[in-house]
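Trainee: My questions concern the predicted model and sequence given below.
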Amino acid sequence: MSQNEPLTHGQQQWMLMQAYTRLNYRQYEACVTILKGLKALIPNNDTLYPMISYAYLQLGSFESCLEAITQYESLIPKEKRNHQEVEWIKKRAQLKLNKKTSHDV
């Protein structure tokens, strides 16, 4: 495969599985690294945004978490979104960010 060829569906699935495995083993930084690369290659993938936002949430990167959710909401058609999962992550990140902000004052 040359550098300019897009990933095949099988390769995309393999990379998503690698990220999912890192997520399950709480290797959040490794998960984010994989998903950032995938996001650059396949930005309209509806699976990677909930995963990367959850990894950011677990790392305490609440702003990055909310940014990933905003990108997800702008790129993925409403009918393809995983509403419950993403809303939970979003509300959790907002809550944690608000707590962090109130403690910093």
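Mentor: Cool, the structure landed. Numbering: from 1, shown residues only.
Trainee: Leaving out chain neighbours, which residue sits closest to residue 57?
Mentor: What sits nearest to residue 57 in space, not counting adjacent residues and going by Cβ to Cβ, 6 or more residues apart in numbering, is residue 65, at 4.7 Å. Where you see a C-beta, it was placed from the backbone N, CA and C, and this is true even at glycine.
Trainee: Verify the stated contact: the one you found with residue 51.
Mentor: No: the criterion here is Cβ atoms under 8 Å, and residue 65 misses it with residue 51 at 11.3 Å.
Trainee: Residue 11 is in contact with residue 42, correct?
Mentor: No: contact criterion Cβ under 8 Å: residue 42 and residue 11 do not qualify, at 9.9 Å.
Trainee: Can you give the contact residues for the helix or strand of the chain with the lowest mean pLDDT?
Mentor: Each helix and strand of the chain was given a mean pLDDT (mean pLDDT, DSSP states H and E); the minimum falls on helix 83-104 at a mean of 91. With contacts defined as Cβ atoms under 8 Å, 6 or more residues apart in numbering, helix 83-104 is touched by 49-50, 53-54, 56-57, 60, 62-63, 65-66, 69, 72-73.
Trainee: Show me which pair in those residues is furthest apart.
Mentor: 60 and 73 (21.9 Å; Cβ to Cβ).
Trainee: pLDDT below threshold where in the protein?
Mentor: 1-3, 105 (pLDDT under 70).
Trainee: any idea how far residue 15 is from residue 79?
Mentor: 25 Å (Cβ to Cβ, to the nearest Å).
Trainee: of those two, who's got more company?
Mentor: More crowded of residue 79 and residue 15, by other Cβ atoms under 10 Å: residue 15, with 19 against 5.
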